[in-house]
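Undergrad: Kindly return the folded structure for what I paste below:
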Amino acid sequence: MPLEEHTKDLKQLIDRLHTQFLETEGPVDKKNHAFFEKVKKETSPMFDLNSRWSEEAEEYVKNRGASVHPNQIKSTNENIEMIILHSYYVDVHRKRFKELYQSVHYVLDMILSDIKNR
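TA: Numbers count the residues shown, from 1 in each chain. Sure thing, here's the model as predicted:
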């Protein structure tokens, strides 16, 4: 099932980005064009995965009465985007990043639990 696979992929991705955030000395110079191009290239597949997941999750929640609300899917999609960007630019406090990270994991785990229990 693509949703289950994409959900697991996103969990791995945000775990990797969390580690990257914690290990990166920041903040990064936002005017550095070479760094911007690197980020753009590396994050493009991440944003694509997040977008596919969001569409699949919205359909799943809409059609199956899952324990996740459609607004949680939208918020999680936006939080994943912020995690992706903050993990490169390290321009947010650790506490805020951790809150985003935990919130995303919570919703992803709820979706996996719903899939498993169906």
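Undergrad: Name all residues that make contact with the residue nearest to Glu25 when sequence neighbours are not counted.
TA: Nearest non-adjacent residue to Glu25, counting by CB to CB, 6 or more residues apart in numbering: Val90, 7.6 Å away. Heads up, the C-betas are built off the backbone N, CA and C, glycines and all. Contact partners of Val90, counting by CB atoms under 8 Å, 6 or more residues apart in numbering, are 21, 24-28.
Undergrad: Would you mind measuring from the residue nearest the centre of the chain to Ser54?
TA: What sits nearest the mean C-alpha location of the chain, by CA atoms, centre = their mean, is Ile80, with 2.6 Å. According to CB to CB, to the nearest Å, Ile80 stands 8 Å off from Ser54.
Undergrad: Check the protein for its longest helix and report it.
TA: helix 33-64 (DSSP state H).
Undergrad: and the angle for the helix or strand following it with helix 33-64?
TA: Using DSSP states H and E, the helix or strand that follows helix 33-64 in sequence is helix 70-89. Helix 70-89 runs at 160 degrees relative to helix 33-64, counting by axes from the mean of the first three to the mean of the last three CA atoms, to 10 degrees.
Undergrad: Nearest residue to Leu22 in space, please, no chain neighbours.
TA: Leaving aside its sequence neighbours, Leu22 sits nearest to Arg94 (CB to CB, 6+ apart; 7.6 Å).
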